[in-house]
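Engineer: Sequence and predicted model, in that order:
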Amino acid sequence: MVSIIVPCYNCEHFVERAVNSVLGQTYTDWELILVNNNSTDGTQLVLEKIASTYPDKVQVYQEFKKGAPAARNKGLRAAKGEWVQYLDADDELLPDKLKVQVELGETQQADCVIGNANLIELKNGVLAQTRRPLNTEDVWSGLITSHLGITTAILWRKSRLDHIQGWDENLTSSQEYDMMFRLLKNGAKVIFDPAENTLIHKTDSGISKNPDKNKMLGIIDNRVKLRLQIEQHLKQISQLTEARKNLIYRYIFLELTGNKIDIAEYRKTRLDGASLDFPMQWKLDHFVKTSRKSIVRGIKSVIGS
């Protein structure tokens, strides 16, 4: 059986779309666990209506600790299935998602089946669909670059999630990749599903546009520190290849420079002076790129005036 866990926060207007995508699955051995996480709209009433319509398949819980990780862990504790499917309240599963991934997971005795996802977003008033990048060649490189799937596109073996105690409720971001990292450290077998059976309805959550500087820095801290933890672990197990190390430092460099953070200051104040060995060529390329942009902005300003 698959336990499908949906964290729900102020989703009264779209959660039924997610539920309908579960009802439409060609694989029918599932239970649906809806977890209301402090919603202030009519979400609870909608969830109760769904449960009353499908009493043998749907359960509703409430989790008062804020955050999706806490709601997901509440669902995990209640789950009775061998497999776990997390589904965000605004996303959808295409009809064969569970069938394909359960078959793959069982036949290959996997702990984690990673599928691909299509992102749905509004661009200039038109709905656009793009395929999310997925690295199927090397799980560690995929983890480093955030190209190792996305929560809803993955099927998880419940016993493995229980072993690592599920989601880290203290993290404010990077929770799914932290959990994936802990799974890999504990020897989980990961396989890939080439199908695209997940739709992610994307909203604009770019941290560079976040007016809260402290929150932005917190998100960056979680991303950077996770990569440094991965580096340390790969060193310990003698798996830190030059290619993986290069990916780790390239990721951190682009994360910091892309958010206009002074690398030396960040290293000193937020990483206790830890070494971040970036090649000089990266720094030169970044300097040329930002200088060119400044010149273009200056020319446009003069022309405009």
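Structural biologist: Everything's here; your move. Keep in mind that what you see is a predicted model, and the values were worked out from it rather than measured.
Engineer: mind listing the strands for the stretch 101-250 of the chain?
Structural biologist: All strands of the stretch 101-250 of the chain, identified by DSSP state E, counting those that start in this stretch, fall at 112-123, 126-131, 154-157, 190-201.
Engineer: hey, which of those is tucked in deepest?
Structural biologist: strand 154-157 (a mean of 24; mean count of other CB atoms under 10 Å). Bear in mind the C-beta positions are built from the backbone N, C-alpha and C, glycine included.
Engineer: Need the contact partners of it.
Structural biologist: 2, 82-86, 98, 101-102, 105, 110-115, 188 (CB atoms under 8 Å, 6 or more residues apart in numbering).
Engineer: Of all the strands of the stretch 101-250 of the chain, which one comes closest to residue 75?
Structural biologist: strand 154-157 (11.8 Å; CB to CB).
Engineer: pLDDT averaged over that closest one - what is it?
Structural biologist: Across strand 154-157, pLDDT averages out at 98.
Engineer: and if you look at stretch 36-47?
Structural biologist: Rounded mean pLDDT across stretch 36-47 is 96.
Engineer: buried ones in that stretch?
Structural biologist: 36, 37, 38, 39, 43, 44, 46, 47 (16 or more other CB atoms under 10 Å).
Engineer: just to revisit the earlier point, ranking the strands of the stretch 101-250 of the chain by mean pLDDT, which is last?
Structural biologist: Looking at the strands of the stretch 101-250 of the chain, the weakest mean confidence is strand 126-131, a mean of 85.
Engineer: Can you list the strands that that one pairs with?
Structural biologist: The pairing partners recorded for strand 126-131 under DSSP bridges are strand 112-123 (antiparallel).
Engineer: List of residues touching the strand it pairs with?
Structural biologist: Contact partners of strand 112-123, identified using CB under 8 Å, 6+ apart, comprise 97, 100-101, 104-105, 127-132, 134, 148-150, 152-157, 160, 180, 183, 188-203.
Engineer: hey, where'd the helices end up in the stretch 201-305 of the chain?
Structural biologist: Shown for the stretch 201-305 of the chain, the helices assigned by DSSP state H, counting those that start in this stretch span residues 213-236, 242-258, 263-270, 280-304.
Engineer: Report the backbone C-alpha coordinates of the second one in PDB.
Structural biologist: Extracted C-alpha coordinates of helix 242-258, given in PDB (Å, rounded to 0.1, in the frame of the first residue of the first chain):
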ATOM      1  CA  GLU A 242      37.500  16.200  -8.200                       C
ATOM      2  CA  ALA A 243      34.400  16.500 -10.300                       C
ATOM      3  CA  ARG A 244      32.100  16.400  -7.200                       C
ATOM      4  CA  LYS A 245      34.300  18.800  -5.300                       C
ATOM      5  CA  ASN A 246      34.200  21.200  -8.200                       C
ATOM      6  CA  LEU A 247      30.400  21.000  -8.300                       C
ATOM      7  CA  ILE A 248      30.200  21.700  -4.500                       C
ATOM      8  CA  TYR A 249      32.300  24.900  -4.700                       C
ATOM      9  CA  ARG A 250      30.700  26.000  -8.000                       C
ATOM     10  CA  TYR A 251      27.300  25.700  -6.400                       C
ATOM     11  CA  ILE A 252      28.400  27.700  -3.300                       C
ATOM     12  CA  PHE A 253      30.100  30.400  -5.500                       C
ATOM     13  CA  LEU A 254      27.100  30.900  -7.700                       C
ATOM     14  CA  GLU A 255      24.800  31.000  -4.600                       C
ATOM     15  CA  LEU A 256      26.800  33.700  -2.900                       C
ATOM     16  CA  THR A 257      27.600  35.800  -6.000                       C
ATOM     17  CA  GLY A 258      24.100  35.400  -7.400                       C
END
